[in-house]
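Enquirer: My questions are about this predicted structure, shown below with the sequence.
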Amino acid sequence: MNTLVKAALSAALLVGTSYGALAVERGGTLKYGRYADSLFLDPVLNDANVDIWVLSNLYDTLILPTDDGKGLKPGLATDWKVSDDGLTVTLTLRDGIKFSDGSPITPADVQWSLKRAADPKKGIWNFLVGSIQDVTTEGDHTVIIKLKNTDPAILAALTVFNTAILPMKAFEASEGTTDEEKAKSFSAHPISSGPFVLKSWDHGQSMKLTRNENYWAKGEDGKPLPYLDGIDFEVIPDDATRILKLQSGEIDGAEFIPYARVDELKQADGIDMKLYPSTRVEYITMNVRPKIGDKDNPLSNEKVRQAMNYAINKEAIIQVVTHGVGSQMTSFMSSATPLHKGDKPLYPYDLDKAKQLMKDAGFENGFETSLLVLAGNQDEIGIATAVQQMWGQIGIKLDLQQVDNPSRTQQYRDGTFTMREAAWTDDIADPNEIASYFVYSPTIGALHSGWKNDEADKLFEASQKEIDAAKRADQYAKMQDIYNSSGPIVPLYETPYPVALSKKVQGFVQIPLGNNIFGAAWLQK
Amino acid sequence: MPLLAFIFRRVLQTIPTIAFILVVTFILVRLLPGDPASAMLGDRAIDADVQRINAKLGLDQPIPVQFLYFSKAVFTGDLGNSIGLKLPVIELISRRLPVTLMLTGMAALIALLVAVPLSFVAALNRGGAPDAIIRGTFQIGLSMPVFYVGLVLLTVFAAKLRWFPVGGYGENFLDDLYHLFLPATTLALSLSAVLMRNLRAAIIGVVGADYVDFARAKGLRARVIMTRHVLRNALISTVTLFGLSIGTLLGGAVITETVFAIPGAGRLMIEAIYGRDYPVIQGLTIALALLVSFTFLLTDIVQAWLDPRVAR
């Protein structure tokens, strides 16, 4: 109830700020502090969130995600239709759309961009559009996508960064012989289809974007978007420094505000502390193989895992680590993920039940086990020490092993880890991505945990082709039930994205998938 | 010309040192757990992608083969491309290293400007109030971690008083100096404390020496005694210490660059290590090894000049 009231209030406040008396003002450059720089701004060949989260400002997709990240709205295409057999998607391109150099965006550009995105030899994201068999064009406005099999997530996939539309001719004319070389030289001086164009990029220090004068979308004042003249991204890895720069007025926005500072910044003058809903979930992954190395592994016992889940007071962790910013998970996928099912917290704290389960499993006297923790990461260390103390109450002696990230990834990939902390964010507004990594064993062996459930695997395979929305929702409901009751993770909490903005900044949004959308952002003078 | 012969000998000695550093770095980097592809692709990567990328980078080759390629590249002056940033390593280093050089250079200068006069004041007032105050202040400076000092300076002089920018790097030389003042001061603090302690003790030792008494007896002016006899002799051990501190200073720059958001070589190194960006780690190591060797060389030359016995 409390949450409902809060949600209603914040929704009312949101509406109040975005549609209030404020009239948009044009011009100005927004300075935004990022925790890390991008690496490679090619929609298809990039590998990391630091790229993904800014790409949508440079390149438009055929369909765009709504601000809540769950719905679809027209992008470069004004209309789309999926055939009755679910095997063809026909899209109508918007009239008069142009790239930033003024050349028209044609069906041929779309055809080429989509085929490149779906090419299994290119990039690590091709699986999102793996169902595309062929792309053809018809006349000046029509693009037809033929699918190998029905794909309920295909429209959501057409909003994802890797299906962004690039100018074929300019790309192909770029220096280099291979696609990767061309991508490298093209992305150094890209021709954009999104609201902004890359002006300059000093790797590791700053990236400057300027408005795309040929952008199609119109603002509230009837003139073309964006409202801003440009965006200056500054790379400021240290959290405290990023906040100081915002407080001193040197920047207008700062991302990744540590949870510990959220309350303080909510009270601060001139600062608008935002908590954007996200698909981010924090959890502990367990290795459930019967043996790790040559040692017996108690975590392979489902009852033990359940006991460990019940023994954790998640609300306490949320208070201690996220300073109350997070909330309890009701499924392994966040409540912002489509087809999420669940309305009550998973494994409410119940020490007696935990002890009973340990006894039933034959581990009344507990056992010793270990958890990999990212060295120097305060949140992870905080969680680990809390969990260590809580598991101690059911006789589990937890050894905390602090390592750096590549070492941790190595153990994780090799399946030699015992437990590790991790976080996840969706890239597509569909549950298929998270399910393929967490549940479906062929992808990465259910988070490299060694967990495998035949029924869940079958459900996932079926859900990938099911175009009846109700049936698909049912498949996901079952998958979540199976995973939540016996899966290899300890769900800890879900958290919003904490972004601190100057009160001058209006209209900026970070959607639940993480993308920073500056297209309709403006600065109050 | 014993000094020239000495310099020549010292330059020759540097070559095997650098070769040794190269081999050790190459091996150490490959002994680290984790590979570049996994670091780049993150936890979600599927095995096929990791293998594909490692093969493309030649990391599926045996270590000796990789070393041959690497040595060939180094001798031809090509340090390869960064795996993460996809830019030539030479370009990255030539852009980032000057920033670090300027930061450490400024810090060294500030440390000297603070340490030398204060050492004199403290030494000549040995046991008195100025000595106690100066020594006490520096003791505090020495015991505070660099990142903490940095944050305090930032909060007070940048965020509160707004005399300096919170971080970043400038647009031109003067702007750079302005941006780097706080971080350089942060770095300089502990170095100046170390130098001060050493120099003060050296001055006290020299002031009591017979030749100073003799100079005084000859009726030389105090200023001449101080600069020509006391300072020159007291500096010998401090110069060595100063040269050796350059390595520490570069280490401190790594932290300072992160706190102050300065795009220098230190931060590049940290990012490269986390990303297992082998070519960048190797390239930077070579560059920094050359730099430190050069500083040691310079230190020895200055020492030989101050004390000709060293060159013999």
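Expert: Cool, the structure landed.
Enquirer: Now do the SS call for residue A:336.
Expert: The local conformation at residue A:336, judged by DSSP: H, G, I helix; E, B strand; the rest coil, is coil.
Enquirer: Taking chain A, what residue is nearest to chain B?
Expert: residue A:406 (2.6 Å; Cβ to the nearest Cβ). For the C-beta atoms, the positions are set from N, CA and C on the backbone; glycine is no exception.
Enquirer: And that residue, how far from residue B:307?
Expert: 47 Å (Cβ to Cβ, to the nearest Å).
Enquirer: These two: which has the busier surroundings?
Expert: Each of residue A:406 and residue B:307 has its neighbours counted (other Cβ atoms under 10 Å in any protein chain shown); residue A:406 has more, 18 against 15.
Enquirer: mind listing what's buried in whichever strand or helix holds residue A:143?
Expert: Per DSSP states H and E, residue A:143 falls inside strand A:142-147. By 16 or more other Cβ atoms under 10 Å in any protein chain shown, the buried positions in strand A:142-147 come out as A:142-145, A:147.
Enquirer: can you check stretch A:406-415 too?
Expert: A:406-413.
Enquirer: Which single residue of chain B ends up nearest chain A?
Expert: Of the residues in chain B, the one nearest chain A is residue B:34, at a distance of 2.6 Å by Cβ to the nearest Cβ.
Enquirer: helix/strand/coil for that residue?
Expert: Residue B:34 ends up coil, using three-state DSSP.
Enquirer: Run a quick neighbour tally on it.
Expert: Residues near residue B:34, counting by other Cβ under 10 Å: 21.
Enquirer: Same check on the one 4 residues further on?
Expert: For residue B:38, the count of nearby residues is 23 (other Cβ under 10 Å).
Enquirer: repeat for residue A:524
Expert: When neighbours are defined as other Cβ under 10 Å, residue A:524 has 13 of them.
Enquirer: How about the contacts made by it?
Expert: For residue A:524, the contact set (Cβ atoms under 8 Å, 6 or more residues apart in numbering or on different chains) comprises A:22, A:25, A:503-506.
Enquirer: Let me see the mean pLDDT of stretch B:196-208.
Expert: Averaging pLDDT along stretch B:196-208 yields 85.
Enquirer: just stretch A:46-53 next, same as before
Expert: Looking at stretch A:46-53 alone, the average pLDDT works out to 84.
Enquirer: Could you pull up the mean pLDDT of stretch A:304-319?
Expert: 96.
Enquirer: That one: which residues count as buried?
Expert: Result for stretch A:304-319 [16+ other Cβ under 10 Å]: buried residues A:304-315, A:317-318.
Enquirer: and the longest strand along chain A, anywhere near chain B?
Expert: The residue-count maximum for a strand in chain A (DSSP state E) belongs to strand A:271-286. No: Strand A:271-286 lies out of reach of chain B by Cβ under 8 Å from any Cβ of the partner chain, never closer than 9.2 Å.
Enquirer: That strand pairs with which strands?
Expert: Using DSSP bridges, the strands paired with strand A:271-286 are strand A:419-424 (antiparallel), strand A:489-502 (antiparallel).
Enquirer: Against which helices or strands is the helix or strand just after the last one packed?
Expert: It stands for strand A:489-502. Using DSSP H and E, the next helix or strand after strand A:489-502 towards the C-terminus is strand A:505-506. In terms of contacts (3 or more Cβ pairs under 8 Å, 6 or more residues apart in numbering or on different chains; DSSP states H and E), strand A:505-506 is packed against strand A:522-523.
Enquirer: Tell me where the model's unsure across the chain.
Expert: I'll assume chain A. Applying pLDDT under 70 to chain A flags the ranges A:1-22.
Enquirer: sorry, should have said chain B
Expert: In the predicted model of chain B, residues B:1, B:311-312 satisfy pLDDT under 70.
Enquirer: which residue is nearest the centroid of it?
Expert: Closest residue to the average C-alpha location of chain B: residue B:250 at 2.8 Å, with Cα atoms, centre = their mean.
Enquirer: Assign a three-state SS to that residue, would you?
Expert: helix.
Enquirer: list the contacts for it?
Expert: Residue B:250 sits next to B:100, B:104, B:266, B:288, B:291-292 when contact means Cβ under 8 Å, 6+ apart.
Enquirer: Relative to residue A:218, which of the contacts of residue A:524 is nearest.
Expert: Distance to residue A:218, by Cβ to Cβ, is smallest for residue A:25 among the contacts of residue A:524, at 16.1 Å.
Enquirer: Look at the closest one and give its secondary structure.
Expert: Relying on three-state DSSP, one would call residue A:25 coil.
Enquirer: That's all I had, so thanks and see you.
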